[in-house]
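1. no sequence for this one, just the structure:
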């Protein structure tokens, strides 16, 4: 009886010994469970990729390091600031992310401004806020913020328990896990490099669909020999401050090393509110296209060499009273009828959106264009529609383009000293119409060798009504 009792006690003690001394893998499970069950935590993460020299080409739209700070709660709500650094050490502006109730919001303006500044360098890009009316957030339900910064519990859950048991060691509160390539799945690699992939997601908004690159770093990793890869994880939990720290190194021999340090600290539950000002993806794409067009026009002006002077007064190109020299003519512009001034006794016609007034000494043409800034709208008309290529002249002069303070009106002139009509003066006048998406353009051609006193007085009166002294341009041409 005692012998049987002694064997029972020995078995009981051995069972207690094994159940009382938990294994490192079970401690790790408890640790990651504690992290995943936190009601909320702040986090700070830094990551970098170091390519093996000469082994892998650098992908232009991929950063080499990132920094993320933010807060995340158990229900998935997130608020974070992220910036990247490229191979030249250039750091992007902070990019804001917010996720509330499963809806993601991206504060994209600073990042997009930097991209546009680079695309349109060395010319200054138009402030992107002028097209987006401030600094709204983009509502993009497709943006993947799940693994921001790195979802450590998900990373551990994706591993095989046997791999954890054999690869894990523990010493003085530090847990170290070593895994070889055959234990690393593509989903694990995707979790590790996901913060880098966010850059490609953002950059894709600025590119045509055929030029988009998705997670280039992941693509490079998956194209390598995964069996040679090594993942090293070290982590610890400070119970006193409820701070969890992780250090990660992924080694891909002959390709790169990916490193990440992440610190999580538990905080009381609070509330993250959605942004007050936001646009959806369709609206953003429409506005962004308008923004790119505006920059293209500004770039065109910069490359054209047109000199612009802001000294023009406000113009009045329409609604003039009838006189002995000029008569009003109804011109339909959008949904509104405006009157423009034509020459008395001239051949006056209208067709296909154009209004013509012609005499042997002078011709006037009116048409409309979509309204942008006056200088942007005027430049292609002058340089393309009425460019020097259309004339025989080898010698010509061009004046600076005068614009008003708000760039809603512009005037410019070209003088040709020898073309198929003889010496000619071309005057271009443009004004954005109030409460309209249109600009009214007027082109005047003065045939200097046929100029009469009557035509001179017509030009003088027309300039007086509009608010421009056309005689200055006549003096320039006649004094040549």
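-> Everything's here; your move. What you are looking at is a predicted structure, and each value in this text was computed from that prediction instead of being measured.

2. residue contacts, residue 49?
-> Taking CB atoms under 8 Å, 6 or more residues apart in numbering, we find residue 49 in contact with 64, 65, 193, 196, 217, 256, 257, 258, 259. Glycine gets a C-beta too; all of them are placed from N, C-alpha and C.

3. Out of these, who's the most crowded?
-> Using other CB atoms under 10 Å as the neighbour test, the contacts of residue 49 are led by residue 217, with 26 neighbours.

4. Helix, strand or coil: sort out that residue for me.
-> Residue 217 carries the three-state label helix when classified by DSSP: H, G, I helix; E, B strand; the rest coil.

5. What distance do you get for it to residue 127?
-> The span separating residue 217 from residue 127 equals 31 Å under the rule CB to CB, to the nearest Å.

6. next one: residue 113
-> Taking CB to CB, one finds residue 113 at 7 Å from residue 127.

7. repeat for residue 93
-> Taking CB to CB as the measure, residue 93 falls 13 Å from residue 127.

8. Could you tell me which residues touch both of those two?
-> The contact sets of residue 93 and residue 127 overlap at residue 113 (CB under 8 Å, 6+ apart).

9. Give me the neighbour count for residue 30.
-> Residue neighbour count, defined by other CB under 10 Å, stands at 11 for residue 30.

10. go on, residue 170?
-> Look at residue 170: counted by other CB under 10 Å, it has 15 neighbours.

11. That one belongs to a strand, doesn't it?
-> Yes - residue state for residue 170 (three-state DSSP) corresponds to a strand.

12. was I right about it contacting residue 31?
-> No - checked against CB atoms under 8 Å, the pair residue 170 and residue 31 is beyond contact range at 10.2 Å.

13. Inside strands: which ones of the contacts of residue 49?
-> 65, 256, 257, 258, 259 (DSSP state E).

14. can you pull the buried residues of the helix ranked longest in the chain?
-> The helix of greatest length in the chain, counted in residues with DSSP state H as the criterion, is given as helix 281-304. Neighbour counts over helix 281-304 (16 or more other CB atoms under 10 Å) mark 284, 287, 288, 291, 292, 294, 295, 297, 298, 299, 300, 301 as buried.

15. for stretch 178-189, same thing?
-> Of the residues in stretch 178-189, those with enough neighbours to count as buried (16+ other CB under 10 Å) are 179, 181, 183, 184, 188, 189.

16. From start to finish, how long is that stretch in a straight line?
-> As for stretch 178-189, its first-to-last residue distance stands at 15 Å under the measure CA to CA, to the nearest Å.

17. what does the strand or helix carrying residue 104 rub up against?
-> Applying DSSP states H and E as the criterion places residue 104 in strand 103-107. The list of residues contacting strand 103-107 from outside it, by CB under 8 Å, 6+ apart, reads 95-99, 135, 137-141, 143, 145, 202, 274-275, 278.

18. how about 10 Å then?
-> Outside of strand 103-107, the residues that reach it under the criterion CB atoms under 10 Å, 6 or more residues apart in numbering are 77-79, 81, 93-99, 135-145, 198, 201-202, 205, 274-275, 278, 281, 284.

19. Also stretch 460-469?
-> Residues external to stretch 460-469 that are found in contact with it (CB under 10 Å, 6+ apart): 312-321, 323-326, 341-343, 362, 364, 402, 404, 409, 411, 427, 429, 431, 442, 444, 470-475.

20. Separate out the buried members of these.
-> For the contacts of stretch 460-469, burial is judged from neighbour counts taken by 16+ other CB under 10 Å, and it is met by 312, 315, 317-318, 320, 325-326, 341-343, 362, 364, 402, 404, 409, 411, 427, 429, 431, 442, 444, 470, 473-474.

21. Can you flag which of these belong to strands?
-> Filtering the buried ones among the contacts of stretch 460-469 for membership in strands, criterion DSSP E, returns 326, 341-343, 362, 364, 402, 409, 411, 427, 429, 431, 442, 444.

22. Kindly state the neighbouring-residue count (a burial measure) for residue 274.
-> The number of residues packed near residue 274 is 14, by other CB under 10 Å.
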